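>>> Quick one, what's the 3D model for this:
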Amino acid sequence: MNGRYLLLDLVRTDAPEGAQSTVLGTHTLWWFDGQSTRMPRTAGDPGFCAAPAGSDHWQQVSGRLYLVVQAGTSFLTDFPQVPVVLDAGRQLVVDLDGPTEEQVLERVAANPACYGAVPLPAGGAVRKVLPPKARRGGLPELVEELAATVDVSRLRADVEYLSSLYTRLSVHPGYQTAAAWAARKLRSAGYRVSTPLITVGSGRSANVVAEKPGSGPDAKLVYVTAHLDSVNHRDGSAAPAPGADDNASGSAGVLEIARLLAGKDNKHDLRLVLFGGEEQGLHGSTQLVAALPTADRDRIAGVINMDMIGSRNGDGPASVMLEGGQVSVPVMNLLADCAHQHTDLEVETSLNPYASDHVPFINAGLPAVLTIEGADSSNHAIHTGNDTAEKIDEGLMRDIVAMNVVATAHLCGIIGEPPEGKPRRGQGSSPVIARGPGVLDVFGAG
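This is a model prediction of the structure:
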């Protein structure tokens with residue numbers, strides 16, 4: 001895929017002859033290798049073309065096309081000089097040429113909590129909007145109860161407290177305060193809590209881990225996670241970093257799920273984790289996964305990660321992105337079904353996992369899914385002092401937590417088998433098919 005390209009950005013079903021295509025939500029990119037003998041041409045420029053006014057718009061690209069997945073607008077902020085061929089929200093298609101390519105990729109690799117990049121894949125979809133399903137009647141009473149009793153006032157109170165701290169930077173005393181506060185809440189709910197130390201560069205921080213053993217034989221293991229730390233990249237480490245959406249919202253979601261499931265009989269083991277060091281490079285999750293005993297790895301049924309679940313971006317319907325890898329597909333199916341049955345969320349899926357704590361699990365072959373607010377690149381407040389509690393959308397946060405608590409209850413055996421059948425790694429029908437993390441995902445038709 002080296003060389004020069006032509007690219008077409010439009011929504012259509014008929015491919016130009018000889019073109020390659022990539023789907024990003026409502027956009028389809030048709031593009032040609034610069035050496036293609038079938039690409040459209042004009043008399044004035046025999047190497048490249050510009051379509052007539054009123055028809056398809058073609059753009060000349062100087063280098064290699066890359067797919068970027070970013071948190072918020074982090075890539076756009078850090079690389080304003082890089083030409084953006086298509087801005088599709090969390091996903092971008094960018095043009096990297098010559099020395100710029102090497103410099104950008106080196107910096108991308110050093111910032112896994114902010115963005116990731118791979119050469120633009122061809123032949124399928126990077127992001128898919130799933131059609132809603134008709135709601136079923138006659139669901140078990142406990143299912144309805146869990147979805148309906150997510151407490152918005154508790155979520156709001158937890159977000160307000162965490163974002164009131166000056167910063168939750170992982171190596172700052174404010175993080176220690178937040179971690180101790182969360183540990184007390186989890187202990188008071190009846191969980192066994194530990195705070196294992198982690199390294200963050202030359203400093204130390206900690207994860208907060210809460211455990212609730214299962215009551216059944218041959219117990220599997222279910223994780224619900226979020227990162228507790230915050231950061232202010234715009235103004236520096238000494239500046240305020242309230243981190244209300246990123247990620248007091250996800251941390252509040254973990255605490256709410258802990259409360260809702262505390263008194264329930266879970267057949268499988270439940271672990272809830274608040275990670276430190278996420279914003280500096282996924283340190284807490286990477287070190288937790290590296291330390292997992294083989295016996296625990298082999299029995300993980302699902303990892304549900306919440307990162308930025310509280311900002312309503314844009315004027316469209318409230319939406320959630322489910323992002324994972326091929327190994328995550330059964331859990332993604334379960335989450336999508338729970339969203340459709342218990343909320344009005346529009347559901348999008350992607351198999352290009354980057355920039356949050358689901359990635360270390362997926363890289364280890366474990367079924368992790370990021371649940372994140374839709375169109376998160378429209379949220380310009382994250383990683384600044386403007387990410388404050390008054391911007392939180394309570395309804396969106398409630399709905400994402402409702403989806404997640406019902407899915408967690410299914411995975412833990414609290415409410416029986418999942419509605420679409422028990423999710424097992426590598427099994428189950430799915431609208432999503434992929435070749436692996438960071439590789440093109442292709443969406444089937446049913």
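>>> So Asn313 sits against His380, correct?
No. Taking contacts as C-beta atoms under 8 Å, Asn313 lies outside contact range of His380: 9.4 Å. Glycine gets a C-beta too; all of them are placed from N, C-alpha and C.
>>> Of these two, which one has the most company?
Asn313 (21 against 15; other C-beta atoms under 10 Å).
>>> Quick check: buried residues in the longest helix anywhere in the chain?
Once the chain is assigned using DSSP state H, the helix that runs over the most residues is helix 394-411. Residues of helix 394-411 classed as buried by neighbour count (16 or more other C-beta atoms under 10 Å): 396-411.
>>> Distance from the chain centre to that helix, please.
Centroid separation between helix 394-411 and its chain, computed with C-alpha atoms, centre = their mean, to the nearest Å, is 15 Å.
>>> which parts of the host helix or strand of Val104 are buried?
According to DSSP states H and E, Val104 maps onto helix 99-109. Neighbour-count burial for helix 99-109, with 16+ other C-beta under 10 Å as criterion, is recorded at 100-101, 104, 108.
>>> now do stretch 191-203
Neighbour-count burial for stretch 191-203 flags 191, 193, 195, 198, 200 (criterion: 16+ other C-beta under 10 Å).
>>> Using CSV, write down the CA coordinates of it.
C-alpha atoms of stretch 191-203 as CSV (Å, rounded to 0.1, in the frame of the first residue of the first chain):
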residue,chain,number,x,y,z
TYR,A,191,-16.4,-6.9,48.6
ARG,A,192,-12.9,-8.2,49.5
VAL,A,193,-10.6,-5.3,48.4
SER,A,194,-6.9,-5.0,47.7
THR,A,195,-4.8,-2.1,46.3
PRO,A,196,-1.8,-3.7,44.5
LEU,A,197,0.9,-1.3,43.7
ILE,A,198,1.9,-0.5,40.1
THR,A,199,4.7,1.4,38.5
VAL,A,200,4.1,4.5,36.4
GLY,A,201,7.3,5.5,34.9
SER,A,202,9.7,6.1,37.8
GLY,A,203,6.7,6.6,40.2
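>>> average pLDDT across it?
On average, the pLDDT along stretch 191-203 is 97.
>>> tell me which strands and helices the longest helix of the chain is in contact with?
Packed against helix 394-411 by the contact rule (3 or more C-beta pairs under 8 Å, 6 or more residues apart in numbering; DSSP states H and E) you find helix 141-148, helix 152-164, strand 221-227, helix 250-261, strand 300-306, strand 319-324, helix 329-342, strand 368-373.
>>> Save these as JSON lines, and put in distance to Tyr66 and mean neighbour count too.
Below are these laid out as JSON lines (distance: least, C-beta to C-beta, whole Å; neighbours: other C-beta atoms under 10 Å):
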{"stretch": "helix 141-148", "distance to Tyr66": "39", "mean neighbour count": "15"}
{"stretch": "helix 152-164", "distance to Tyr66": "34", "mean neighbour count": "18"}
{"stretch": "strand 221-227", "distance to Tyr66": "26", "mean neighbour count": "28"}
{"stretch": "helix 250-261", "distance to Tyr66": "28", "mean neighbour count": "26"}
{"stretch": "strand 300-306", "distance to Tyr66": "25", "mean neighbour count": "27"}
{"stretch": "strand 319-324", "distance to Tyr66": "18", "mean neighbour count": "26"}
{"stretch": "helix 329-342", "distance to Tyr66": "24", "mean neighbour count": "25"}
{"stretch": "strand 368-373", "distance to Tyr66": "21", "mean neighbour count": "30"}
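>>> what angle separates the longest helix of the chain from helix 250-261?
Angle between the axes of helix 394-411 and helix 250-261 is 50 degrees (criterion: axes from the mean of the first three to the mean of the last three C-alpha atoms, to 10 degrees).
>>> What is the burial count for Glu73?
No, residue 73 isn't Glu; it's Thr. Burial of Thr73 is recorded as 18 neighbouring residues (other C-beta under 10 Å).
>>> Quick check: phi and psi at it.
The phi/psi pair for Thr73 (degrees, to the nearest 10) reads phi -110, psi 30.
>>> wait, it sits on Ser377?
Yes. Counting by C-beta under 8 Å, a contact exists between Thr73 and Ser377, whose distance comes to 5.5 Å.
>>> and the residue nearest in space to the middle of the chain, bridged to which residues?
For the chain, Leu370 is the residue whose C-alpha lies nearest the centre (C-alpha atoms, centre = their mean; 3.6 Å). On the basis of DSSP bridges, Leu370 takes part in beta bridges with Asn305, Glu323.
>>> Now do Ala50, the pLDDT please.
With respect to pLDDT, Ala50 scores 31.
>>> cool, Val442 as well?
Predicted confidence (pLDDT) at Val442: the value is 34.
>>> who wins for proximity to His233 among the helices and strands packed on helix 394-411?
If you check each of the helices and strands packed on helix 394-411 against His233 by C-beta to C-beta, strand 221-227 wins as the nearest, at 14.7 Å.
>>> So what touches that closest one?
247, 250-251, 253-254, 257-258, 268-276, 278-279, 284-285, 296, 299-307, 356-357, 361, 368, 404, 408, 411-412 (C-beta atoms under 8 Å, 6 or more residues apart in numbering).
>>> Run the chain-centre distance for the helix holding Val104.
On C-alpha atoms, centre = their mean, the centre of helix 99-109 falls 23 Å from the chain's centre.
>>> Over to stretch 223-240?
Between the centre of stretch 223-240 and the centre of its chain there are 16 Å (C-alpha atoms, centre = their mean).
>>> from memory Val85 sits against Arg64, does it?
No. At 11.1 Å, Val85 and Arg64 do not qualify as touching, with contact defined as C-beta under 8 Å.
>>> any shared contact partners between the two?
With contacts taken as C-beta under 8 Å, 6+ apart, Val85 and Arg64 have Asp95 as neighbours in common.
>>> residue contacts, Val405?
Contacts of Val405 by C-beta under 8 Å, 6+ apart are 146-147, 150, 256-257, 260-261.
>>> same deal with Gly203?
Taking C-beta under 8 Å, 6+ apart as the criterion, Gly203 is in contact with 170-171.
>>> distance of it from Gly276?
10 Å (C-beta to C-beta, to the nearest Å).
>>> Now the common contact residues for those two.
Common contacts of Gly203 and Gly276, defined by C-beta under 8 Å, 6+ apart, comprise Ser170.
>>> coming back round to it: adding distance to Ala239, write the helices and strands packed on helix 394-411 out as a markdown table.
As requested, the helices and strands packed on helix 394-411 are arranged in a markdown table below (distance: least, C-beta to C-beta, whole Å):
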| stretch | distance to Ala239 |
| --- | --- |
| helix 141-148 | 39 |
| helix 152-164 | 14 |
| strand 221-227 | 19 |
| helix 250-261 | 20 |
| strand 300-306 | 25 |
| strand 319-324 | 28 |
| helix 329-342 | 35 |
| strand 368-373 | 24 |
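>>> With that, I have no additional questions.
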